[in-house]
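S.K.: Show me how the following folds:
(one chain, ligands or ions: 1)
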Amino acid sequence: MNLSITQGLSGLEKNGVARRLADLLGVDYADLVQKRILQLMGTQEIAELSRDGVDFQLHTHRHCMPNDEFLFQKEIEENRTCLRGMSQKDAVHFCYPSGFYGQQFLPWLKAEGVISATTCDTGFATSRTNALLLPRFVDTSGRSELDFESWLTGAGDFLAIRRAARQKYIPPTD
Ligand SMILES: [Zn+2]
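M.R.: This is a model prediction of the structure:
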């Protein structure tokens, strides 16, 4: 079985590969599907949740960070157009896919009318933080309730002894 992502598989074919992999690993794939784990939302779900007040914002359309201005802007514009079709709103906030960020993206984001962007760097934003390089607390199932609450109160940032390394900074290519 060739699992290469360069095979140009359709979504349905990727689903088949995931199912076979889960079988090989003894993972209950049907249970994952039933619990909606590792699944994308559908058009109808996004439209409904948007009407109910959930705010959907930009993340690039193909979950990548092209190091080319034209391709990067294409990602933002396609993502915005797609979201607008479902939410009837213009998205102006951005989250760097996989936490990849770099200075070269800031003018490109501004040119696209993006007013804030979050990294995966753990920390609190202050009045001096660049709005296009916002740190945050990424909550995961590996975080304890106490850890989560400490960040809600601000103590988590103050007491953080060991911070994760800054995420995947991509230096400019020129
Ligand atoms: Zn993502």
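
S.K.: Distance from the chain centre to stretch 134-141, please.
M.R.: In terms of CA atoms, centre = their mean, to the nearest Å, the centre of stretch 134-141 is set 11 Å apart from its chain centre.

S.K.: mind listing what's buried in it?
M.R.: Under the neighbour-count criterion of 16 or more other CB atoms under 10 Å, stretch 134-141 has 134, 135, 136, 137 buried. Where you see a C-beta, it was placed from the backbone N, CA and C, and this is true even at glycine.

S.K.: Kindly reformat the residues you listed as TSV containing distance to residue 27 and secondary structure.
M.R.: What follows is the buried residues of stretch 134-141, written out as TSV (distance: CB to CB, whole Å; DSSP: H, G, I helix; E, B strand; the rest coil):
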residue	distance to residue 27	secondary structure
134	35	strand
135	34	strand
136	30	strand
137	29	coil
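
S.K.: So for the lengthiest helix in the chain, what gets flagged as buried?
M.R.: When the chain is parsed with DSSP state H, its longest helix is helix 69-87. Neighbour counts over helix 69-87 (16+ other CB under 10 Å) mark 72, 75, 76, 79, 80, 83, 86, 87 as buried.

S.K.: now swap in stretch 104-116 and tell me
M.R.: Buried residues in stretch 104-116 (16+ other CB under 10 Å): 104, 105, 106, 108, 109, 112, 114, 116.

S.K.: ok, which stretches of this structure are strands?
M.R.: 93-95, 116-122, 134-136 (DSSP state E).

S.K.: could these go into JSON lines alongside mean pLDDT?
M.R.: Shown next, in JSON lines, are the strands of the chain (pLDDT from 0 to 100):
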{"stretch": "strand 93-95", "mean pLDDT": "97"}
{"stretch": "strand 116-122", "mean pLDDT": "93"}
{"stretch": "strand 134-136", "mean pLDDT": "92"}
